[in-house]
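Student: Predicted model and sequence follow; I will ask about them next.
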Amino acid sequence: MSDNIEKDEFSGTQTTGHEWDGIKELDTPMPRWWLWTMYATIIWSIGYWVVMPAWPLVTDYTKGMFGYSSRGVLEQELAAAVDAHSVDRAALVTMELSNVKSDPQTYQFALSGGKSAFAVNCSQCHGSGAQGAAGFPNLNDDDWLWGGSVDQIYETIKYGIRSDHEDTRVGDMPAFLDDELLEKDQINDVADYVLSLSQSGQSAEAVARGKEVYMENCASCHGENAKGLREFGAPNLTDAIWFYGGDKATIVRTISKGRANVMPAWEGRLDDVTIRQMTLFVHSLGGGE
Ligand code: HEC
Ligand code: HEC
């Protein structure tokens, strides 16, 4: 085949000697600019391996001389964002919570931070609009188990309710049937009495019997007027706003088996600035006292 090597008469380029059906392959060299570009990229890539993170190892990777990492950049940016708000942050932790509202800039900083911190940390239980669900209180209304002033909300968020924090809020709804404090028919009567406080339709005799049971067993926590006592986290039973549910079966279950839902403590998990932001955000939702 080498005998066939010849110059192509139009381009002046050598042929490779390959020929198929009279079509000859030309041995056109790579253009110079292309070759130099390729050499440059090879040199560049070697330089890149040396200075930048490049090769995966079994448990680690080559870090490169510049020590760059996108995580490091993010950390710097976060630190810069914290720095940019250092004045607001300092104001928020030193001010009395109840005074923050009178300082528009700090208050605005608290609300916007509180809103996003709420979405991340609280919405799983309280709902994205803080509307709550059975066993998880609505935080928009003015029906508070533990109190709706900024200081009370702050305490609730910081220490939790029946949480593992030593300063947690505590309060028990006893299990009157399981712990043999009341008989089934007494529970039935007292459930009717509880229902009668916010709606009609119960038998008058059952309500009268239930009232006696109530005064003896329940008033100490829920109050004689059944409007609830915040020191025990005992809900108002007269307002037709139900925490666990206001149908008779749910009320009978609440009284029979007790209730003790847990709200986690956030001290130690979130910093004080964030807890204060969330406090003011929750307080601003409409039910704040
Ligand atoms: C694991 C579920 C859960 C998470 C997460 C949670 N909570 Fe709660 N929260 C509860 C429960 C349950 C209660 C009611 C406790 C009780 O029975 O008294 C409650 C009660 C509250 C109360 C008291 C309401 C009242 O009527 O007094 C406030 C305020 C509150 N939560 C705010 C928050 C904030 C702010 C966050 C986010 C940092 C949060 N919660 C995260 C479950 C949760
Ligand atoms: C030791 C205090 C205590 C006593 C006594 C007590 N309760 Fe409660 N009760 C509570 C607390 C605290 C809660 C809220 C439980 C929670 O947050 O998980 C509650 C919740 C309830 C609820 C749920 C309300 C809702 O909105 O879903 C009902 C109903 C109720 N109690 C009725 C009674 C009745 C009836 C009695 C008497 C037979 C009684 N309680 C006695 C503390 C008490």
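Tutor: Structure's in. What do you need? Ligands and ions are numbered 1, 2, ... in the order given.
Student: Next, count neighbours for residue 283.
Tutor: By other C-beta atoms under 10 Å, 26 other residues sit near residue 283. The C-beta positions use only the backbone N, C-alpha and C, and glycine is treated the same way.
Student: in the protein, which spans are helices?
Tutor: 32-51, 70-84, 86-94, 104-121, 123-126, 150-159, 184-196, 204-217, 219-222, 248-257, 272-284 (DSSP state H).
Student: and the closest residue to residue 53 other than its chain neighbours, what pLDDT?
Tutor: Distances taken as C-beta to C-beta, 6 or more residues apart in numbering place residue 64 nearest to residue 53, at 4.9 Å, with adjacent residues excluded. Residue 64 is assigned 90 on the pLDDT scale.
Student: Repeat that for the one 5 residues further on.
Tutor: The pLDDT attached to residue 69 in the predicted structure is 89.
Student: State the phi and psi torsions of it.
Tutor: The phi/psi pair for residue 69 (degrees, to the nearest 10) reads phi -150, psi 140.
Student: Looks like it contacts residue 53 (just checking).
Tutor: Yes: using C-beta atoms under 8 Å, residue 69 makes contact with residue 53 at a distance of 6.6 Å.
Student: other SSEs contacting the lengthiest strand in the chain?
Tutor: When the chain is parsed with DSSP state E, its longest strand is strand 15-20. Judged by 3 or more C-beta pairs under 8 Å, 6 or more residues apart in numbering; DSSP states H and E, the packing partners of strand 15-20 are strand 23-26.
Student: Strand partners (parallel or antiparallel) of the strand it packs on?
Tutor: Sheet pairing of strand 23-26 (DSSP bridges) gives strand 15-20 (antiparallel).
Student: If you average the pLDDT over the partner strand, what comes out?
Tutor: The average pLDDT for strand 15-20 rounds to 87.
Student: Same question for that strand: list its buried residues.
Tutor: By 16 or more other C-beta atoms under 10 Å, the buried positions in strand 15-20 come out as residue 15.
Student: now do stretch 190-199
Tutor: Buried, per 16+ other C-beta under 10 Å, within stretch 190-199: 190-197.
Student: Now it - C-alpha only, PDB.
Tutor: Taking Å, rounded to 0.1, in the frame of the first residue of the first chain, the C-alpha atoms of stretch 190-199 are listed here in PDB:
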ATOM      1  CA  VAL A 190     -68.500  14.900  83.300                       C
ATOM      2  CA  ALA A 191     -67.900  14.800  79.500                       C
ATOM      3  CA  ASP A 192     -71.500  15.900  79.100                       C
ATOM      4  CA  TYR A 193     -70.900  18.700  81.600                       C
ATOM      5  CA  VAL A 194     -67.800  19.800  79.700                       C
ATOM      6  CA  LEU A 195     -69.800  19.800  76.400                       C
ATOM      7  CA  SER A 196     -72.600  21.700  78.000                       C
ATOM      8  CA  LEU A 197     -70.200  24.600  78.600                       C
ATOM      9  CA  SER A 198     -70.000  25.400  74.900                       C
ATOM     10  CA  GLN A 199     -73.000  23.700  73.300                       C
END
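Student: Any part of it near ligand 2?
Tutor: Yes: Stretch 190-199 lies within reach of ligand 2 by C-beta under 6 Å from any ligand atom, at 190, 194.
Student: Other residues contacting that stretch?
Tutor: By C-beta atoms under 8 Å, 6 or more residues apart in numbering, the residues outside stretch 190-199 that reach it are 182, 201-203, 206-207, 209-211, 213-214, 217-218, 226, 237-240, 246, 248, 251-252, 255.
Student: related to what we said a few turns ago, what's the most buried one of the helices of the chain?
Tutor: Using mean count of other C-beta atoms under 10 Å, the stretch among these with the largest mean neighbour count is helix 272-284, at a mean of 22.
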